[in-house]
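Undergrad: Sequence and computational prediction follow.
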Amino acid sequence: MQGDNNFDLGLLNAMNNRLLKDEGIYRLLIDKSGEAFAYYSFADRRTECLGDWEHFFGFSANEYISISQIMDLVDSSYTAELYECLMLERRGKEKETIEFRLEGKDLWIELETTVIYDGNKNPLTRMYCFRDVTKYRVLNDELSYMAYYDSLTGLLNRNYFVKCLEEMIDKAKSNDCIVSVLFLDIDDFRRINDSMGLIVGDEVMQKLGMVLRDYVSDNVRVSHFNGDIFCIAIYDPVGVRSVDNVIKTLKKKLETPFNLSNGAETTITLSIGIAEFPESSKEAMELINLAEIVMFKAKHRGKNNVQYFDAPIIQEFIYNIELEHKMEKALKAGNFFMCYQPQYDADGVHLRGIEALVRWRDEDGRIISPGSFIPVAEKNGTILQLGEFVIEQSLADYSRLIDKYGQKDVILSINISAIQFKSKNFVNFLMNTIKKYNVPPTQIELEITESVFIDDMEDIVAKMNVLREIGIRFSMDDFGTGFSSLSYLRSLPIDTLKIDKSFVDTVVTDGPTRTIAEAIIDLSKKLGFDTIAEGVEEEVQYSLLKNIGCENIQGFYFGKPMEMEDIDKLYKEY
Ligand code: C2E
Ligand code: MG
Ligand code: MG
């Protein structure tokens, strides 16, 4: 038996040692975890503390006696909530977690309280676990900042702005108020970016953001929407926050140049579109869209402009969008075709040339005039594709005429939009197509308008000279409708001047018009240009123009634009 007892004692000792060793390991683990624990037994009213209490409360685990030591340190705004969580058994709950701070400390502490009850719902034990969650809170704050604010300007970001606007609208519905949305776009921002670089561009936006921040209040929200676009939402726009006042003061502020870090100064102007709840729309996103659409109108009217919501502008916009879609489809479906209008020498006999004029046959067979779709195509860029079709088709048609009836002294005039002419690929495409159809370049005349020269005259002239080298001619279309400065004509490499129909219309009835027409023709000759009068409809117009020295005539009087079949006959007989 003795031996057995010894054996039992030995076993007990071994087990005890093992437990002590395990406890040592657990304590070490707990200390390393950076957390602080308190274990309370309701039966013996004893608390056992473990872990890094020092880190949280400035006293060690052994020094903890009661929760009042913690309560004394807590930031007063958390006192009540923390107390509730510390005394969790009072509410019969098993587990709860809260976050709190201590007075004057940067720490964010998470407390997790767990209470275990017996079968009769009497609490047996309660455990506190304090964790340092400062790192996560800071990250979380940053994330929520990113979710609401734009990092460049500190203004509201797009999503949050829309949410705020929705809230404003809800409030306005109950209070029968107006909400104004201002859509702001920096004029010529691309020029700032291109000339001074993206970093300076960002700085300009930051500066504007600072100016706009001054307007922020409970009733005014400002957003850096995206790119160079900013939006302002004004609840109940009256008094200082009336739209007129905001715009007036904003314009005034923007008169002072921004001082940039590269030492430069720059002033900016804005194009502003305005839409209002409930008149323009009752939906936040739609209000923003409408304000944007009318903003484009403001920009079109010459920048630094303001445009209020206006139903016809929106209708025109919708019409143009529909036209855009239809046009893209029509291009794919091959619903565009070419007509040609003859141009005659003033003698009315010699066929001087044919002008290629594009037509669109709609699905219902109706012909849509280029006067309505070319401007839309120019705006949305479809003109590039359409322009290539025009070049390809008219050169193909013209080369067929040459193949059939031989080369004649008839010029093919092709209208070229400014955007098309300025596009990178234009010269290449034209040259390749000329080669492809083997058309003599000297028979080709490109009709351009003054708008081509507006931005970069030097580049354009250089491009024209490249083409003129191979014999291509240029004519100035619609002369007299643009800025029509006679002095600049001298420096342009053109061959022909087309006197606009608006002159021809009144040349017979209006003395001054006749005088101007005479002067243009005279000057044109002296500069060595060919002249063509366009839109000649009547005999009297024709004979008068002929008398004052106009060399060529184009108009319904001699021939309307005609389809290939008819131009084929004309060319054949000529
Ligand atoms: P535009 O180049 O000045 O063409 C002359 C326009 O006047 C043509 O209208 C022609 O049909 C019309 N016209 C000619 N004689 C008379 C006349 O005696 N009376 C009247 N009332 N009108 C006359 P269309 O074909 O409707 O073209 C309008 C404009 O559309 C053109 O003006 C041109 O700017 C543009 N366009 C037409 N085809 C093309 C094209 O293929 N490419 C480009 N980029 N623009 C084109
Ligand atoms: Mg023309
Ligand atoms: Mg014209």
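TA: Done, it's in. Ligands and ions are numbered 1, 2, ... in the order given.
Undergrad: hey, where'd the strands end up in the stretch 51-200 of the chain?
TA: 95-100, 109-117, 123-132, 179-186 (DSSP state E, counting those that start in this stretch).
Undergrad: What are the contacting residues of the first one?
TA: Read that as strand 95-100. 74-75, 78, 81-82, 85, 88, 108-115, 133, 137 (CB atoms under 8 Å, 6 or more residues apart in numbering). Every residue, glycine included, has its C-beta placed from N, CA and C.
Undergrad: Just the buried ones from those?
TA: Listed as buried from the contacts of strand 95-100 are 74, 78, 82, 85, 88, 108-115, 137; burial here means 16 or more other CB atoms under 10 Å.
Undergrad: Return the item of those residues having minimum pLDDT.
TA: Among the buried ones among the contacts of strand 95-100, residue 137 carries the weakest pLDDT, at 87.
Undergrad: hang on, that residue packs against residue 108?
TA: Yes: assessed by CB atoms under 8 Å, residue 137 is found in contact with residue 108 at 4.2 Å.
Undergrad: In the buried ones among the contacts of strand 95-100, find the pair that's most separated.
TA: 115 and 137 (25.9 Å; CB to CB).
Undergrad: need the contact list for the residue most central in space within the chain.
TA: Geometric centre of the chain, nearest residue: residue 227, 6.3 Å, by CA atoms, centre = their mean. Residues in contact with residue 227, defined by CB under 8 Å, 6+ apart, are residue 189.
Undergrad: and residue 470, backbone torsions?
TA: Main-chain dihedrals, residue 470, degrees, to the nearest 10: phi -90, psi 10.
Undergrad: correction: residue 224
TA: Taking degrees, to the nearest 10, you get phi -90, psi 100 for the backbone angles of residue 224.
Undergrad: Contacts only, for it.
TA: Shown here is residue 224, whose contacts under the criterion CB under 8 Å, 6+ apart are 150, 152, 153, 155, 156, 157, 205, 209, 230.
Undergrad: ok, it to ligand 3 distance?
TA: Residue 224 is 44 Å from ligand 3, where distance means CB to the ion, to the nearest Å.
Undergrad: Any figure for the gap between that residue and ligand 1?
TA: From residue 224 across to ligand 1, the span is 38 Å (CB to the nearest ligand atom, to the nearest Å).
Undergrad: now residue 236
TA: According to CB to the nearest ligand atom, residue 236 and ligand 1 sit 48 Å apart.
Undergrad: Now that residue: closest residue in space that isn't a chain neighbour?
TA: residue 177 (4.4 Å; CB to CB, 6 or more residues apart in numbering).
Undergrad: again, but for residue 552
TA: Once flanking residues are discounted, residue 552 sits nearest to residue 532: 4.1 Å by CB to CB, 6+ apart.
Undergrad: and if you look at residue 380?
TA: Nearest one to residue 380, counting by CB to CB, 6+ apart, is residue 324 at 5.1 Å.
Undergrad: For that neighbour, which residues are in contact?
TA: 376, 380, 382.
Undergrad: isn't the first one right up against residue 327?
TA: Yes: the pair residue 376 and residue 327 passes the contact test of CB under 8 Å, sitting 7.0 Å apart.
Undergrad: More neighbours: these two, which one.
TA: The residue with more neighbours, out of residue 376 and residue 327, is residue 327; 23 against 18, by other CB atoms under 10 Å.
Undergrad: Let me know the secondary structure of that one.
TA: Classification of residue 327 using DSSP: H, G, I helix; E, B strand; the rest coil returns helix.
Undergrad: Run a quick neighbour tally on the closest residue in space to residue 266 that isn't next to it in sequence.
TA: Of all residues not flanking residue 266 in the chain, residue 258 sits nearest, at 5.5 Å (CB to CB, 6+ apart). Residue 258 has 18 neighbouring residues, counting by other CB under 10 Å.
Undergrad: Which residues are in contact with residue 258?
TA: Contacts of residue 258 by CB under 8 Å, 6+ apart are 203, 204, 207, 208, 265, 266, 267, 268.
Undergrad: Also residue 499?
TA: When contacts are counted by CB under 8 Å, 6+ apart, residue 499 is found next to 479, 480, 517, 520, 521, 531, 532, 533, 534, 550.
Undergrad: What is the nearest of those to residue 413?
TA: Checking the contacts of residue 499 one by one against residue 413 (CB to CB), the nearest turns out to be residue 532, at 8.9 Å.
Undergrad: what about whatever helix or strand that closest one lives in and ligand 2, any contact?
TA: Following DSSP states H and E, one finds residue 532 within strand 530-534. No: using CB under 5 Å from the ion, strand 530-534 stays clear of ligand 2, coming no nearer than 7.2 Å.
Undergrad: Just the C-alphas of that strand, formatted as CSV.
TA: Extracted in CSV, the C-alpha atoms of strand 530-534 (Å, rounded to 0.1, in the frame of the first residue of the first chain):
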residue,chain,number,x,y,z
ASP,A,530,-11.3,81.9,-108.2
THR,A,531,-14.8,83.1,-107.2
ILE,A,532,-18.0,81.1,-107.0
ALA,A,533,-21.3,82.5,-106.0
GLU,A,534,-23.4,79.9,-104.2
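Undergrad: got the angle between the helix or strand following it and strand 530-534?
TA: Sequence-wise, the next helix or strand downstream of strand 530-534 (DSSP H and E) is helix 539-547. Angle, helix 539-547 to strand 530-534, by axes from the mean of the first three to the mean of the last three CA atoms, to 10 degrees: 170 degrees.
Undergrad: which helices and strands does the following helix or strand past helix 539-547 pack with?
TA: Next along the chain after helix 539-547, taking DSSP H and E as the criterion, comes strand 552-554. Counting contacts by 3 or more CB pairs under 8 Å, 6 or more residues apart in numbering; DSSP states H and E, strand 552-554 packs against strand 336-345, strand 530-534, helix 539-547.
Undergrad: Mean neighbour count and mean pLDDT for those - can I get that in JSON lines?
TA: Output for the helices and strands packed on strand 552-554, formatted as JSON lines (neighbours: other CB atoms under 10 Å; pLDDT from 0 to 100):
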{"stretch": "strand 336-345", "mean neighbour count": "21", "mean pLDDT": "97"}
{"stretch": "strand 530-534", "mean neighbour count": "25", "mean pLDDT": "96"}
{"stretch": "helix 539-547", "mean neighbour count": "17", "mean pLDDT": "96"}
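Undergrad: Indicate which one of those is closest to residue 439.
TA: It's strand 336-345; of those, that one is closest to residue 439 (CB to CB) at 14.4 Å.
Undergrad: Run through the neighbouring helices and strands of that closest one.
TA: Other helices and strands packing on strand 336-345, by 3+ CB pairs under 8 Å, 6+ apart, are strand 351-361, helix 382-405, strand 552-554, helix 564-573.
Undergrad: low-scoring pLDDT stretches of the stretch 401-550 of the chain, where are they?
TA: Low-confidence segments of the stretch 401-550 of the chain (pLDDT under 70): 482-486.
Undergrad: Now do the strands in it.
TA: Secondary structure of the stretch 401-550 of the chain by DSSP E, counting those that start in this stretch: the strands cover 411-415, 444-448, 473-479, 496-499, 530-534.
Undergrad: now the first one against strand 351-361, angle please.
TA: To tie it back to what came earlier, the one meant is strand 411-415. Using the same axes, to 10 degrees: strand 411-415 against strand 351-361 is 40 degrees.
Undergrad: roughly how far out does strand 411-415 sit from the chain middle?
TA: How far strand 411-415 lies from its chain's middle: 37 Å, per CA atoms, centre = their mean, to the nearest Å.
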